[in-house]
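1. any chance you can model this:
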Amino acid sequence: MLPSDDDVRALHLRYAPTSEVFDLVHTHCEIVSRICRQLVGCADGVDKDLARAGALLHDIGVYRLYGPDGRIAPGTYIRHGVVGYEILRAEGLPDRLARFCSHHTGVGLTRDDIVEHGLPIPVGDYVAETREERLVMYADKFHSKSSPPTFLSADAYAADVARFGPEKEAAFAALRAEFGEPDLDRLRACYRHGYRSEPAPGRAQPR
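-> Modelled structure (predicted):
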């Protein structure tokens with residue numbers, strides 16, 4: 001059995017250190033879920049309920065990264081996926097759902113990525129494999145929990161991810177071809193978040 005929207009909200013509230021952080025993370029997950037619903041028409045054979053639950057829970061590990069000062073320590077954000085996986089498994093939720101946490105960062109993290117960049121997570125391949133995992137990972141790329149939260153165009157994210165190498169650029173292009181592009185106008189009007197259509201300045205961090 002997969003958790004309902006109310007069950008998911010209760011989990012977010014249980015782990016969120018403050019109401020402000022809850023609003024930031026839960027709203028982002030809600031937006032990703034709504035983008036998934038838009039794109040699912042292009043994704044034959046997708047388990048819509050699994051994708052819904054995965055989208056709503058994919059970032060729950062972010063809560064555990066906040067320190068007593070109310071901030072996330074530099075260099076630790078990359079851990080949010082594996083931390084989220086641990087949270088959901090400890091809550092008794094199935095592996096197929098917990099994997100949305102650990103397998104959505106960037107366009108997939110490989111063991112070579114982890115070793116080459118010395119990332120602070122267990123060495124392994126954290127790559128989306130099922131259509132549901134790929135859908136949630138892709139939908140996540142169109143909204144950032146930055147300050148302030150911002151929607152991103154497909155071109156903006158494509159330019160961001162290209163900085164991590166041609167293989168990452170190609171992986172995003174494949175997702176774009178598989179699922180198409182969402183219509184962000186209605187979501188932007190609903191949430192009143194910013195919008196970025198150009199590459200981010202400096203080196204972007206995988207989300």
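2. contacts and neighbour counts: CA atoms only from here.
-> Fine.
3. so which bits of the strand or helix carrying Ile114 are buried?
-> Element membership of Ile114, judged by DSSP states H and E, is helix 111-117. Neighbour counts over helix 111-117 (16 or more other C-alpha atoms under 10 Å) mark Ile114 as buried.
4. for stretch 165-183, give the mean pLDDT please.
-> Stretch 165-183 carries an average pLDDT of 96.
5. okay, Gly41: pLDDT?
-> With respect to pLDDT, Gly41 has a value of 75.
6. grab the longest helix from this structure for me.
-> helix 19-39 (DSSP state H).
7. against which helices or strands is it packed?
-> Applying 3 or more C-alpha pairs under 8 Å, 6 or more residues apart in numbering; DSSP states H and E, one finds that helix 19-39 contacts helix 5-15, helix 48-57, helix 131-140, strand 143-144.
8. give me the contacts around the last one.
-> Counting contacts by C-alpha atoms under 8 Å, 6 or more residues apart in numbering, the residues outside strand 143-144 that touch it are His28, Ile31, Val32, Pro149, Thr150, Phe151, Leu152, Arg207.
9. got it, and the longest one?
-> Residues outside helix 5-15 that contact it (C-alpha under 8 Å, 6+ apart): Phe22, His26, Ala53, Leu56, Leu57, Ile60, Tyr63, Arg64.
10. buried residues, stretch 159-172. List them.
-> Using 16+ other C-alpha under 10 Å as the burial criterion, the residues of stretch 159-172 that qualify are Ala159, Asp160, Val161, Ala162, Phe164, Lys168, Glu169, Ala171, Phe172.
11. next: stretch 66-83.
-> Within stretch 66-83, the residues that count as buried by 16+ other C-alpha under 10 Å are Tyr66, Tyr77, Ile78, Arg79, His80, Gly81, Val82, Val83.
12. now the second one: phi and psi?
-> Dihedral angles of Tyr77 (phi, psi; degrees, to the nearest 10) stand at phi -60, psi -30.
13. and Pro199, how many residues sit next to it?
-> Per other C-alpha atoms under 10 Å, the neighbour tally for Pro199 reads 18.
14. which stretch of helix or strand covers the residue lying closest to it once chain neighbours are set aside?
-> Distances taken as C-alpha to C-alpha, 6 or more residues apart in numbering put Ala156 closest to Pro199, at 4.8 Å, once the chain neighbours are dropped. Taking DSSP H and E as the criterion, Ala156 maps to helix 154-162.
15. CA atoms of the very next helix or strand once past that helix as PDB?
-> Following helix 154-162 in sequence order, the next helix or strand is helix 166-179 (DSSP H and E). What follows is helix 166-179, C-alpha atoms only, in PDB (Å, rounded to 0.1, in the frame of the first residue of the first chain):
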ATOM      1  CA  PRO A 166      28.500  15.700 -22.200                       C
ATOM      2  CA  GLU A 167      27.100  12.400 -20.700                       C
ATOM      3  CA  LYS A 168      24.900  14.400 -18.300                       C
ATOM      4  CA  GLU A 169      23.800  16.700 -21.000                       C
ATOM      5  CA  ALA A 170      22.800  13.700 -23.200                       C
ATOM      6  CA  ALA A 171      21.000  12.000 -20.200                       C
ATOM      7  CA  PHE A 172      18.800  15.100 -19.800                       C
ATOM      8  CA  ALA A 173      18.200  15.300 -23.600                       C
ATOM      9  CA  ALA A 174      17.000  11.700 -23.500                       C
ATOM     10  CA  LEU A 175      14.600  12.500 -20.600                       C
ATOM     11  CA  ARG A 176      13.300  15.500 -22.600                       C
ATOM     12  CA  ALA A 177      12.700  13.300 -25.600                       C
ATOM     13  CA  GLU A 178      11.000  10.700 -23.500                       C
ATOM     14  CA  PHE A 179       8.600  12.900 -21.600                       C
END
